[in-house]
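Asker: let's see this in three dimensions:
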Amino acid sequence: MIIYQATKSLFLQHALHDDIEDIVSRQFRDATGRGVGPSEIQSWKHSLLEMAKVLHDEEIPGDAGVAIEYQLPQSSKRIDFVITGEDAAAHTKVIIVELKQWSESRRSDKDAIVWARRGGRAGEREGPHPSYQAWSYAAYLQDFNAAVQDGAMTLQPCAYLHNHPRDGEIDHPHYRDHLARAPLFLARERSKLQAFIREHVCHGDRKGALYAIENGRIRPSKMLIDSVAGLLQGKPEFVLIDDQKLVHESILQVDARAVQRKQVVIVQGGPGTGKSVVAINLLGALIGRKRNARYVSKNAAPRAVYEARLTGTFTKTRISNLFSGSGAFVNDQPDTYDTLIVDEAHRLNEKSGLYRNLGDNQVKELIRSARCTVFFVDDDQRVTLLDIGHTEELRRCAHEFGAEVTELELSSQFRCNGSDGYLAWLDDTLDIRPTANQTLDAVEYDFRVFDNPAELHALVELKNRTNNRSRVVAGYCWKWPSRKDAQAWDIELPQFDYRRRWNLDKDGSLWIVALGSVEQVGCIHTCQGLELDYVGVIIGPDLAYRDGRIVTDATKRASSDQTVKGLKQMLKAEHEGARALADTIVKNTYRTLMTRGMKGCYVYCVDAPLAAYLRTRLQTVSETAFTDVAEAVSSVAVHAPSNVIPLRRVSKEERAAGVVAAPLIDLRIAAGAFSDAQALGDGADDWVALPDWVRPQPGLFVAQVVGESMNRSIPNGSWCLFRANPAGTREGKVVVVQHRSISDPDTGGRYTIKRYASEKIPAEYGDWRHQRITLHPDSDRPEFEPIVIDIGEDEDGFSVVAEMLMVVAEAAA
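Answerer: The predicted structure is shown next:
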């Protein structure tokens, strides 16, 4: 998602003649539905004006592309400023600029880390060096965006600290490698930055690099389980971003101090913040330093998956020396290991052994056994009555051993589509903690509530065909008879003809990666600490909605569930405390299950009022933008019943039965009648099939685009998916525009399909109005020129009637 995009010329007009910060702020609200704080607006005001001064250079082409605030795929991080164009050899170049307003900083002895005032009231803090930050964002974009890889684009990161003098600190030789990968430009070095831009951007953005980046297909996300072998061999499989890098380097520094004094590091982080990524990176770095280090987890599933991926690369002995369960340290002597890296530390138990009768306390045993013990913990993922590894217990035990304690935090979100809002919404919705996130926009994260578990499971199975990274999980509210009788069913909901078995016993902890396991249902033990692309969650009767509040009942768990074993005795001994603890366990379980999916979460609730409640917390279909278009359209059945429409027609009876379809519209006839989305569908004679996971909404339709003016992005005769009356910013998007001054030979009427750009001027009461609209062709034929419409005071005759979402199918031969 790009918040603001324009040509260099238009950006200069906005920055030098208008209030650029207001324009960006308005477009940010249009794109995200939320505003930003005064400090960020002031940052835009000052830094964007400085970038305007840089770009006010005649040798930098006016039609170079400019983007502000590009959100990295599946991340909450944003690139400050992007410049696109072509070099002298006509190769596409993308310059990534990290902007800082710092006027001073000081060197840290950690790799790629610097001390500076980073906003807020915390004063000086450590964080990534701007050059490392720019390079890491570029590397991340290279990994995820198909348009960058397939479009032969070269990324050129740099950093511009326009208030910071060259003082030997920010530019110290300690940062030499990072400065080489992403040059640093400081105060009074505007001309050097201009020369850097001129070197890489000699021509404008003729190939539409900005449009391609924003609309490019997102590569399947890197999975830690697929990269563990490379990481342990010292290969840079994952680029550590921002606080991940700071935590990694801080732990390495603490580990070096462990020779003089026992060290304990507590790293707090919620789901998707990269705890396991940092942990495995750390293990690889310590191995490279010849440290006697081990990865430890209470849950067997992560260890089993990592060990399976290492088989064939490492010997069995080597693997067993790198990975351990948390109960393996009962009899170890003090300081047997240099470093123990404890992932999912919240799952640690007091006792070890099959019968939980060995040892004293797993936290104490781990601290005793190593000079440096690193605990990665999320207190809100405590999911059994036996879990004791919460932060307070870690601190208490560390102090008991006289250890020096260092506390760090991971906060950047790299799961749940990078949406911090989804996690806050989930905490508020499940009544774990109050937040300001009362509703969820499905544009942020693909969350859906199903009335039928069979439909949910079918969708997850469909998603799983792509890369075996989607699974269905459930609360442990059904017994496991199939463990003894392979023909028995475990989870049965007969009213939906839904029958499934718990995760395959033969695969044990490898269920989450085993082929065919998408047919089964997993539980908390087989997915905690691991990640998926899409997760389906069956919420059992232990979570319900009554009298306006979330209620839990742990006694509805299956009798075979060990997570609440002993609850009855606890209720007798201390009823209120036991109830509160059980309530926490149930809510944390579903929070954990519902945050396994990086791209989406689909839920079915046994309790119907709970499903209804969840829906009230979602924005309505009419308010929610179309999601998952690229993936949905890529699977449309491109059958060719005729040479006219290469898509499957859907009958009225099929639509009544729930087949997902969109009306087929003739743009030449309908371009003047888009004001009523419902009438658009009612007047259609033909409907064509869309994938059954596409969420129907008013205004979606399919139409044929004829002509050569957009042939680089829309081949002549292609059938495209459109959305009528699009909301939010149109800047840079391909749209259908209608105006009396248009006479387009491609469309044969007073409308056109082009890429949109607008120029605005201030109006009364702090508002704004359009002054000029430019509609750009995207063609390999030079005869097509931009259409420029001077709006002036008269906007009545101009309208954007639809937005093109994706090419569904090219014309049949």
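Asker: list the buried ones in stretch 559-567?
Answerer: Residues of stretch 559-567 classed as buried: 561, 563-564, 567 (neighbour count, 16 or more other Cβ atoms under 10 Å). No exception for glycine: its C-beta is placed from N, CA and C like everyone else's.
Asker: okay, now the unreliable bits of the stretch 701-813 of the chain?
Answerer: Where the stretch 701-813 of the chain drops to pLDDT under 70, the residues are 727-728, 740-749, 760-770, 792-797, 810-813.
Asker: quick check: bridge partners of Leu161?
Answerer: Lys100 (DSSP bridges).
Asker: same question for Val267.
Answerer: Bridge pairing for Val267 - DSSP bridges - gives Phe376, Leu408.
Asker: any idea how many residues pack against it?
Answerer: 28 (other Cβ atoms under 10 Å).
Asker: Ile789: what's its closest spatial neighbour, skipping adjacent residues?
Answerer: Using Cβ to Cβ, 6 or more residues apart in numbering and skipping residues adjacent in sequence, the residue nearest Ile789 is Ile773, 4.5 Å away.
Asker: would that neighbour count as being in a helix?
Answerer: No - judged by DSSP: H, G, I helix; E, B strand; the rest coil, Ile773 forms no part of a helix; its state is strand.
Asker: contacting residues for it?
Answerer: For Ile773, the contact set (Cβ atoms under 8 Å, 6 or more residues apart in numbering) comprises 737, 756-759, 788-789, 791, 798.
Asker: how does it look with 7 Å?
Answerer: Going by Cβ atoms under 7 Å, 6 or more residues apart in numbering, Ile773 touches 758, 789, 791, 798.
Asker: now tabulate those residues in a markdown table and tack on distance to Gly475.
Answerer: Output for these, formatted as a markdown table (distance: Cβ to Cβ, whole Å):
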| residue | distance to Gly475 |
| --- | --- |
| Ser758 | 50 |
| Ile789 | 57 |
| Ile791 | 56 |
| Phe798 | 54 |
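Asker: let me have those residues in JSON lines, adding distance to Asn349 and secondary structure as columns.
Answerer: Output for those, formatted as JSON lines (distance: Cβ to Cβ, whole Å; DSSP: H, G, I helix; E, B strand; the rest coil):
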{"residue": "Ser758", "distance to Asn349": "61", "secondary structure": "strand"}
{"residue": "Ile789", "distance to Asn349": "69", "secondary structure": "strand"}
{"residue": "Ile791", "distance to Asn349": "68", "secondary structure": "coil"}
{"residue": "Phe798", "distance to Asn349": "67", "secondary structure": "coil"}
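Asker: quick revisit: out of the buried residues of stretch 559-567, which sit inside strands?
Answerer: Applying DSSP state E to those, no entry is found in strands.
Asker: which of those sits closest to Asp533?
Answerer: Closest approach to Asp533 among these (Cβ to Cβ): Thr563, at 26.1 Å.
Asker: state the distance from the closest residue to that closest one other than its chain neighbours to Ile367.
Answerer: Among residues not flanking Thr563 along the chain, Thr384 sits closest, at 3.8 Å (Cβ to Cβ, 6+ apart). Separation of Thr384 from Ile367 (Cβ to Cβ, to the nearest Å): 22 Å.
Asker: before we move on, what about Gln263?
Answerer: Taken as Cβ to Cβ, the span from Gln263 to Ile367 is 10 Å.
Asker: who touches both of the two?
Answerer: Here Gln263 and Ile367 share the contacting residues Ala403, scored by Cβ under 7 Å, 6+ apart.
Asker: skip the chain neighbours and tell me the closest residue to Cys605.
Answerer: Nearest to Cys605 is Ala611, by Cβ to Cβ, 6+ apart, at 4.0 Å.
Asker: pLDDT-wise, which helix or strand of the protein ranks last?
Answerer: Lowest by mean pLDDT, DSSP states H and E among the helices and strands of the chain is helix 629-634, with a mean of 32.
Asker: which is the next helix or strand following that one?
Answerer: Sequence-wise, the next helix or strand downstream of helix 629-634 (DSSP states H and E) is helix 652-656.
Asker: packing partners of that following helix?
Answerer: With contacts defined as 3 or more Cβ pairs under 7 Å, 6 or more residues apart in numbering; DSSP states H and E, helix 652-656 has no helix or strand neighbours.
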